[in-house]
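Asker: next comes the sequence, and after it the predicted model I'd like to discuss.
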Amino acid sequence: MKHAAWLTRSRVIGLSGIALAVQTILLAAVVAWEFGVFGPTRSPFVSDFPSFYAAGSLALQGLPELAYDETAHWFAEQALIGDGPYVYFFYPPPFLLLCAPLALLPYWVALVLFEAASMAAYAFVACRIADRGWWLPALAIPAVFWCAGLGQNSFLTAALFGSATLLVNRRPIWSGVLFGLLCYKPHFGLLVPIALAAGGHWRAFCAAAATLCAVVGATIGLFGFETWLRYMDALSAAARVFGSDTILLAGFVSPFGAARLAGMPAGAAMALQLLVSAMAAAVVARVWQQTTRLSLRAAVLIAGTLLSLPVVLLYDLTLAGIGIAWLVRDAADHGFLPAEKYLLMSLYPLAFVTLAAGWILHFPAGILAPAILLGLSLHRTKAT
């Protein structure tokens with residue numbers, strides 16, 4: 001039983017289908033409740049997508065720098081959602097290159113198109129990594145419903161990250177381009193240069209750097225240098241917001257969030273995060289230098305990235321779905337280790353109860369998902 005021979009591919013896909021159906025029903029019920037289907041609600045529906053759409057609208061008006069002005073951005077949001085809470089915009093100007101075209105479309109069309117297209121890309125990449133039927137387990141991860149329900153961009157991040165790791169050996173230039181495009185969410189590329197350098201992937205490294213420079217140059221040409229200056233000013237506000245209780249701490253899945261949820265002051269929590277980040281960087285460098293199996297390299301980089309960042313929220317665990325796909329691929333080639341199937345399966349209900357555990361019990365369950373992913377990845381590297 002320690003190898004869970006009963007947990008076959010067909011059963012995993014079947015269980016994933018059930019989980020997907022249950023969560024889809026729950027999401028539909030929550031959306032219906034928020035929109036007053038079951039009676040009046042006390043607060044309006046809150047999504048992050050109005051922040052993106054409002055920033056894109058300001059860019060189309062020739063005022064991209066106002067995306068980082070809270071007052072102007074708030075008025076742009078209110079034109080979309082009416083009297084609702086303010087949703088901050090802390091993304092760098094490269095994200096405006098995507099937000100502006102979306103703002104050309106009617107709001108709901110833009111929202112559905114963005115989420116559906118990026119979700120399809122995420123599922124496609126997961127299938128290319130694991131196998132053709134892996135779209136069901138990939139979509140059954142609860143982070144998928146947080147991302148879709150909040151109108152977030154984590155599907156795009158996971159698709160870019162997964163594609164870049166998939167191509168790093170066969171198409172290093174394209175891999176570097178995809179890594180470079182992560183500059184719209186730059187903290188997720190924190191460990192990428194370390195991994196590429198340690199693994200000797202210099203063509204991918206240079207392509208990523210060139211892509212970053214090209215995208216930054218394009219944004220300066222289109223939006224002006226003033227927009228970048230406004231963005232840099234906004235970063236201080238971002239540190240203030242994420243260091244306070246403005247963002248629900250139970251939604252964090254990082255060491256910083258776990259420490260804050262446990263009652264640690266923001267300064268001490270950040271010191272702990274920096275320590276974990278340094279350890280994650282060292283682990284990624286060592287694995288990419290000494291291990292040749294791409295599946296293990298990719299899984300360690302993904303888990304290390306999730307652990308190295310102070311601001312990682314529930315919907316960002318879509319990237320963990322790509323990490324799981326890499327471990328499944330490695331296991332398909334080299335066999336599962338004892339208890340590995342159970343631990344991989346535990347990530348699904350664990351992610352499902354993370355918010356409730358943090359909110360009600362003040363237990364930082366979110367940090368367990370990336371920690372388990374890294375532990376399994378390192379265990380497999382030692383077993384090679």
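Answerer: Nice, I can see it. Numbering: from 1, shown residues only.
Asker: what residues are up against the residue nearest the centre of the chain?
Answerer: Central residue of the chain (CA atoms, centre = their mean): residue 316, 2.8 Å from the mean position. The neighbours of residue 316, taking CB atoms under 8 Å, 6 or more residues apart in numbering as the test, are 143, 154, 157, 253, 306. C-beta: built from backbone N, CA, C; applies to glycine.
Asker: could you check how far the first one is from residue 248?
Answerer: This means residue 143. 15 Å (CB to CB, to the nearest Å).
Asker: those two: who's more crowded?
Answerer: residue 143 (26 against 14; other CB atoms under 10 Å).
Asker: I'd like to know how many residues surround the closest residue to residue 67 other than its chain neighbours.
Answerer: Nearest non-adjacent residue to residue 67, counting by CB to CB, 6 or more residues apart in numbering: residue 55, 3.8 Å away. As a burial measure, residue 55 scores 27 neighbours (other CB under 10 Å).
Asker: show the pLDDT at residue 55.
Answerer: Looking at residue 55, its pLDDT is 96.
Asker: quick one on the thing from earlier: shouldn't the residue nearest to the centre of the chain be within a helix?
Answerer: Yes - assessed by DSSP: H, G, I helix; E, B strand; the rest coil, residue 316 belongs to a helix.
Asker: and the two most separated of the contacts of residue 316?
Answerer: Largest separation among the contacts of residue 316 by CB to CB: 157 and 253, giving 14.0 Å.
Asker: which one of the two is surrounded by more residues?
Answerer: residue 253 (30 against 24).
Asker: helices along the stretch 201-350 of the chain, start to end?
Answerer: For the stretch 201-350 of the chain, helices defined by DSSP state H, counting those that start in this stretch occupy the ranges 202-223, 225-243, 255-261, 266-290, 294-308, 318-334, 340-361.
Asker: which strands and helices sit next to the shortest one?
Answerer: Packing contacts for helix 255-261, counted by 3 or more CB pairs under 8 Å, 6 or more residues apart in numbering; DSSP states H and E, involve helix 266-290.
Asker: any buried residues in the helix it packs on, and which?
Answerer: Residues of helix 266-290 classed as buried: 266, 269-270, 272-273, 276-277, 280-281, 283-285, 287-288 (neighbour count, 16 or more other CB atoms under 10 Å).
Asker: between helix 294-308 and it, find me the angle.
Answerer: 170 degrees (axes from the mean of the first three to the mean of the last three CA atoms, to 10 degrees).
Asker: helices or strands next to helix 266-290 in the packing?
Answerer: helix 192-198, helix 255-261, helix 294-308, helix 368-383.
Asker: okay, these in TSV with mean pLDDT and mean neighbour count next?
Answerer: Formatted as TSV, these follow (pLDDT from 0 to 100; neighbours: other CB atoms under 10 Å):
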stretch	mean pLDDT	mean neighbour count
helix 192-198	97	20
helix 255-261	91	26
helix 294-308	97	27
helix 368-383	91	20
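Asker: contacts for stretch 216-226, please.
Answerer: By CB under 8 Å, 6+ apart, stretch 216-226 touches 59, 64-65, 92-94, 96-97, 183, 227-228.
Asker: buried residues in it, which are they?
Answerer: 216, 219, 223.
Asker: and those residues, which is closest to residue 115?
Answerer: Looking across the buried residues of stretch 216-226 and measuring by CB to CB, the closest to residue 115 is residue 219, at 23.9 Å.
Asker: quick one, phi/psi of residue 8?
Answerer: phi -80, psi 170 (degrees, to the nearest 10).
Asker: could you point out where this structure is predicted with low confidence?
Answerer: Applying pLDDT under 70 to the chain flags residues 1-3, 31, 33-46, 238-246, 384.
Asker: try it again at 80.
Answerer: 1-8, 27, 29-46, 81-86, 236-248, 383-384 (pLDDT under 80).
Asker: next, count neighbours for residue 32.
Answerer: 11.
Asker: tell me which element it falls in.
Answerer: helix 9-34 (DSSP states H and E).
Asker: now do that helix: distance to the chain's middle.
Answerer: 20 Å (CA atoms, centre = their mean, to the nearest Å).
Asker: list the buried ones in it?
Answerer: For helix 9-34, by 16+ other CB under 10 Å, it's 12-13, 15-16, 19-20, 23, 27, 34.
Asker: of those, closest to residue 380?
Answerer: Nearest member of the buried residues of helix 9-34 to residue 380, counting by CB to CB, is residue 12, at 18.2 Å.
Asker: got the contact list for that closest one?
Answerer: Contacts of residue 12 (CB under 8 Å, 6+ apart): 137, 345.
Asker: at 6 Å instead, please
Answerer: Counting by CB atoms under 6 Å, 6 or more residues apart in numbering, residue 12 touches no other residue.
Asker: just give the number of residues close to residue 292.
Answerer: 10.
Asker: repeat that for residue 262.
Answerer: The burial count for residue 262: 13, using other CB under 10 Å.
Asker: would you check how far apart the closest residue to it other than its chain neighbours and residue 346 are?
Answerer: With sequence-adjacent residues excluded and distances taken as CB to CB, 6+ apart, residue 262 is closest to residue 364, at 6.2 Å. Counting by CB to CB, the separation of residue 364 from residue 346 is 16 Å.
Asker: of the two, who's got more company?
Answerer: residue 364 (22 against 14).
Asker: picking up where we left off before, do you know which of the helices and strands packed on helix 266-290 lies nearest residue 338?
Answerer: Using CB to CB, those put helix 368-383 closest to residue 338, at 9.7 Å.
Asker: quick one: contacts of the closest one?
Answerer: So helix 368-383 is contacted by 287, 291, 296, 299-300, 303, 306-307, 317, 320, 323, 327, 343, 347, 350-351 (CB under 6 Å, 6+ apart).
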